[in-house]
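[1] here you go, sequence then predicted model.
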Amino acid sequence: MIRFFQSFDNSNCVFNFYPFDLDSAYNNIIQYPPSILIVDFDHPVLKKSGLKPFEEIISYLSHFPILIGISSTKSYAYEALKAGFNDYLITPLKELEIRKSLLKFQNKIQLERKDCEMICLKSYSDYRFLKVDEILFLKADNNTTDIFLKKEKEVTAFKSLGYFERKLPKCFFRIHNSYIINATAVRRINYNKALLFFEDGVNSFSVPFSRTYKKNVDNLKDILGKSDISLSS
């Protein structure tokens, strides 16, 4: 199977092969999230563990990857469909079928990336475009939302915080009734003070999190701390 993909000639694809020691494989998936993930349902380790641990790991990713299942039988097709797989291919694999599947989903990924890169703030006839990766956090202010950006910039949007919670990519977490944060910008979580700190303006920008959303903060800590080094004695 690995030889097949190693010989697969497509300059738009880079294949990484995760070990089927599950801890190592899942750690790699979180550390280096794939755009497309091909899962071999015939592998004995996956047969033994089932899909539950796999589904849990995938849920931690900021962007849900395209999932393609492969197997020598149709027996797992329904299980794959229930788990959210986008395609299911029967082995032995044919190069044409792989090419068709990958190209179809590559186009979908490119469109999604374009949608996720920018957001548009509209106010009457005024349109303002923001890069999503420049956002540190959002703060509710009655029926408007203040958006705090890198380099200590701030803009106001005439939309509720709930609106942005539905529209923003999965790397944005609700941590408080009044706050949504960009997980990729968080550099410190202080549980004693119930505060999160950001990479830019660390002395100026910290936001509180509440008990109601503590589970989201715990999930954030788990994602960011997969390769942590403990300094406690």
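    That came through, no problem.
[2] what ranges does this structure have for its strands?
    Per DSSP state E, the chain carries strands over the ranges 36-40, 66-71, 87-90, 118-123, 126-131, 135-141, 144-149, 153-157, 172-176, 179-182, 186-190, 195-198, 206-208.
[3] direction included, what does the last one pair up with?
    When pairs are called by DSSP bridges, strand 206-208 turns out to pair with strand 195-198 (antiparallel).
[4] I'd like the average pLDDT over the partner strand.
    Confidence over strand 195-198 (mean pLDDT, whole number) is 90.
[5] same deal with stretch 167-174?
    Per-residue confidence for stretch 167-174 averages out to 84 on the pLDDT scale.
[6] what do you get for stretch 50-57?
    When pLDDT is averaged along stretch 50-57, the result is 86.
[7] domain assignment for this structure?
    Split into domains by automatic domain parsing, the chain comes to 2-116, 124-224.
[8] still on that earlier bit, quickly, which of the strands of the chain bottoms out on average pLDDT?
    Of all those, the segment with the smallest mean pLDDT is strand 118-123, scoring a mean of 78.
[9] just the buried positions in that strand, please.
    Along strand 118-123, the positions that meet the burial threshold by neighbour count (16 or more other Cβ atoms under 10 Å) are 119, 121. Every C-beta, even on glycine, is put in place using the N, C-alpha and C of the backbone.
[10] stretch 56-74 now?
    Judged by neighbour count (16+ other Cβ under 10 Å), stretch 56-74 contains these buried residues: 58, 60-61, 65-71.
[11] kindly check the end-to-end length of that stretch for me.
    Across its full length, stretch 56-74 reaches 24 Å between end residues, using Cα to Cα, to the nearest Å.
[12] quick one: contacts for the residue lying closest to Met118 once chain neighbours are set aside?
    With sequence-adjacent residues excluded and distances taken as Cβ to Cβ, 6 or more residues apart in numbering, Met118 is closest to Phe129, at 5.3 Å. If a contact means Cβ atoms under 8 Å, 6 or more residues apart in numbering, then Phe129 has 118-121 as its contacts.
[13] how far away is Phe129 from Glu56?
    Computed with Cβ to Cβ, to the nearest Å, the distance linking Phe129 and Glu56 is 36 Å.
[14] try Lys104
    Looking at Lys104 against Glu56, where the rule is Cβ to Cβ, the gap reads 27 Å.
[15] now do Leu81
    From Leu81 over to Glu56 the distance is 18 Å, taken as Cβ to Cβ.
[16] could you dump the strands of the chain to a markdown table with distance to Ala77?
    As requested, the strands of the chain are arranged in a markdown table below (distance: least, Cβ to Cβ, whole Å):
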| stretch | distance to Ala77 |
| --- | --- |
| strand 36-40 | 13 |
| strand 66-71 | 8 |
| strand 87-90 | 5 |
| strand 118-123 | 37 |
| strand 126-131 | 40 |
| strand 135-141 | 40 |
| strand 144-149 | 43 |
| strand 153-157 | 44 |
| strand 172-176 | 34 |
| strand 179-182 | 37 |
| strand 186-190 | 39 |
| strand 195-198 | 42 |
| strand 206-208 | 45 |
